[in-house]
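here is my input, please return the structure:
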Amino acid sequence: MPGEKQAEKPTTQERLKQITDKIEAGIRDLFASDQYRAYLSTMSRFHQYSFNNSVLIYLQNPKATRVASYTKWKDSFGRQVKRGEHGITIIAPTPYKKKVEEVKTDPDTKLPLLDKDGREITEERIITIPYFKPVFVFDISQTEGRPLPQIVHDLTGNVEHYEAFLEAMKRSSPVPVLFDPDVRGDGFYNTADREIHIREGMSEVQTVCALAHEMAHAALHNTGAGSMDERDAARYERADILGVDALYSEDWISPDKVPEGMYRYSLRGGRDGDPGLPCAVENGVTVNFTGCLLTLEPLPIPESGALEIGGEDLGFRGEEITAAEFRWENRKDRRTQEVEAESVSYAVCQYYGIETAANSFGYIAEWSKSHELKELKESLETINRTAAKMIGDIDGNFAEICKERGIVTEALAEEPAPEDPARAVEDAFRKAPDKAFLIYQLREDSPAELRFMGLSRLQNPPDKANYAPVYVGNLNPETDLSDETSRMLALEDLYSQFNADEKPEGFTGHSLSVSDVIALKNDGVVSYHYCDSVGFRELPDFIKPENYLRNAELQTEDDPGMIDGIINNGRREQNAPETEKRVSVMAKLREAERKPKPPKKAKETKKDEPHL
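The predicted structure is shown next:
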């Protein structure tokens, strides 16, 4: 009605609060026996999704089998969402960039650096602010169009390619697997010897389920005094953060060094102006790093990305302990361990189409009554994380074994993992015509000290092993890339495009920032350029000399010495003049400024601020 005030549309934060409340309310209901089985089946199909999103998908559409965004169905699979269908709401990360001013510190003493007048030296940094928003996806049943290849599973009690599949599981196991006809029951995990023992002679389905169960124990409940690998044996200082038991290290803990089943966080210094006093807990710290924390439960990191702490929130107990000893002290009760292991086994078997009537979960409702909601959620997160890793490891090893043994399997029409597009992106770049570009950004597990760091501040040249390709695109065919000045202009244009509010479709990385690398292809030759604090710097050694035209050259060039990335058949001149050394773009711009009456003054410009 005219004059009536319409209800205000809820903000993104309010919508996220409604969604998380729905998750909390639905968790306890999951532990009814039948619902729990159904949830595990759904979770196994969406093991690449977060725990919260797998719960959301189940609560909104328990029969969902494969979901994707509207655009993904249309562009990648040739399918259209049916008219009138309602999307499934999930939570998607949408981080943004922010420029902040930080006090520069000495890398050794961590003390502020001072100028000649005794004032603290500051520098601008571009940081990533974690942010999330609700988005919609649709199940395949809500779409129509080009058919997808069918996933074929043998549900008769046998396991397809059983020998190869069993070998894949053994390779994926965190500990050795032994088969023995005298084993009591189906099998057990020996924590002292760190070995899994499986009864020999069982059916294929029973063997696979039992092994998955014991592999889950080995990964999650590895608490025996003798069960210490390199990660478990490392010693840390006891600490507590906001009342949660933790382990502390003053050194950076890389992702591959994090003990199984533990969460890693970084501490940022700066409380009371002292960069050595922690003031915040974050998932990753690039400035004023003061140490790492390990916990057995996730900390409530807010959407800002930084959990601010005061002097009373972080304590140290003055004693050291190994990760294995820490887990033993905080071990879960036997029933909880069995629930987690059996749930992982069921989810893994469901993913591979292996049906078993043994997983009745009749005890699950009674078990859940004796645990708080927080404990139930932690167990579900553990089950989700462990099953996802096990499935990923088995898939990878099974593919390798099939290749080794010449086994041909049905191709599964799974949606590519959004966080691992590297192979497809690099293949697209190789096949792209000239005037193409490829954007590299640092991997999530790359050292924190590399992020958003100017080239001159790096201790070593940028290493491709720390980068992942995130986007490939084509430049205008008329783009001039013949010299360094023209390449710099093209790079600056790309910088503007990938910092605009509306970025190119399909781009999933963060806004183009310092430490990113852009590859340019021109006439079959690829050059690599580092996004520096000001401008771009070429990286001649980013990828060891290798060109995509090598095979063609080997077949056409007369002179093997002319394998240079350009098909220019003919003998090489014996006394070819030396190539003139390139002058940097910045030097050319300064030279232009010094000319008395240039036709058009070239002015050095500073990059635009990234849009938030």
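
going forward, measure contacts between C-alpha atoms and count neighbours the same way
Noted.

please report phi then psi for the closest residue to Gly243 other than its chain neighbours.
Of all residues not flanking Gly243 in the chain, Asp313 sits nearest, at 7.6 Å (C-alpha to C-alpha, 6 or more residues apart in numbering). Here is the backbone geometry of Asp313 (degrees, to the nearest 10): phi -90, psi -20.

how about Arg119?
Main-chain torsions, Arg119, degrees, to the nearest 10: phi -90, psi 150.

surely Leu59 is in contact with Gly26?
Yes - the criterion here is C-alpha atoms under 8 Å, and Leu59 meets it with Gly26 at 7.3 Å.

tell me the pLDDT of the residue nearest to Gly243.
Here the pLDDT value assigned to Asp313 is 85.

ok, it - how many residues close by?
A total of 14 residues lie near Asp313 under the criterion other C-alpha atoms under 10 Å.

so it sits against Asp245, correct?
No - assessed by C-alpha under 8 Å, Asp313 is found out of contact with Asp245, at 11.7 Å.

strands along the stretch 301-450 of the chain, start to end?
306-308, 314-322, 436-442 (DSSP state E, counting those that start in this stretch).

got JSON lines for those, with distance to Leu512 and mean neighbour count too?
Compiled in JSON lines, the strands of the stretch 301-450 of the chain are given as follows (distance: least, C-alpha to C-alpha, whole Å; neighbours: other C-alpha atoms under 10 Å):
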{"stretch": "strand 306-308", "distance to Leu512": "22", "mean neighbour count": "18"}
{"stretch": "strand 314-322", "distance to Leu512": "35", "mean neighbour count": "13"}
{"stretch": "strand 436-442", "distance to Leu512": "9", "mean neighbour count": "23"}
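
in JSON lines, list the ones you listed along with distance to Lys369.
Below are those laid out as JSON lines (distance: least, C-alpha to C-alpha, whole Å):
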{"stretch": "strand 306-308", "distance to Lys369": "32"}
{"stretch": "strand 314-322", "distance to Lys369": "33"}
{"stretch": "strand 436-442", "distance to Lys369": "45"}
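
tell me which of those strands sits nearest to Gly84.
Among the strands of the stretch 301-450 of the chain, the nearest to Gly84 by C-alpha to C-alpha is strand 436-442 (37.8 Å).

alpha carbons of that closest one, as CSV, please.
C-alpha atoms of strand 436-442 as CSV (Å, rounded to 0.1, in the frame of the first residue of the first chain):
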residue,chain,number,x,y,z
ALA,A,436,47.0,-14.6,-23.5
PHE,A,437,47.7,-14.1,-19.7
LEU,A,438,47.7,-16.3,-16.6
ILE,A,439,47.4,-15.1,-13.0
TYR,A,440,49.3,-16.9,-10.3
GLN,A,441,48.6,-16.4,-6.6
LEU,A,442,50.2,-17.8,-3.5
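
give me the contact list for that strand.
Under the contact criterion C-alpha atoms under 8 Å, 6 or more residues apart in numbering, strand 436-442 has outside partners 426, 429, 451, 466-475, 509, 515-522.

which of those residues fall within strands?
Among those, the members found in strands (DSSP state E) are 467-474, 517-522.

list only buried entries from these.
By neighbour count, with 16 or more other C-alpha atoms under 10 Å, the ones in strands among the contacts of strand 436-442 hold 467-473, 517-522 as buried.

in TSV, list those along with distance to Ile198.
Listed next are these as TSV, based on distance: C-alpha to C-alpha, whole Å:
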residue	distance to Ile198
Tyr467	41
Ala468	40
Pro469	42
Val470	43
Tyr471	46
Val472	48
Gly473	51
Val517	49
Ile518	51
Ala519	51
Leu520	54
Lys521	54
Asn522	58
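
and which of those is nearest Asn52?
Among these, and counting by C-alpha to C-alpha, the member closest to Asn52 is Val470, at 25.1 Å.
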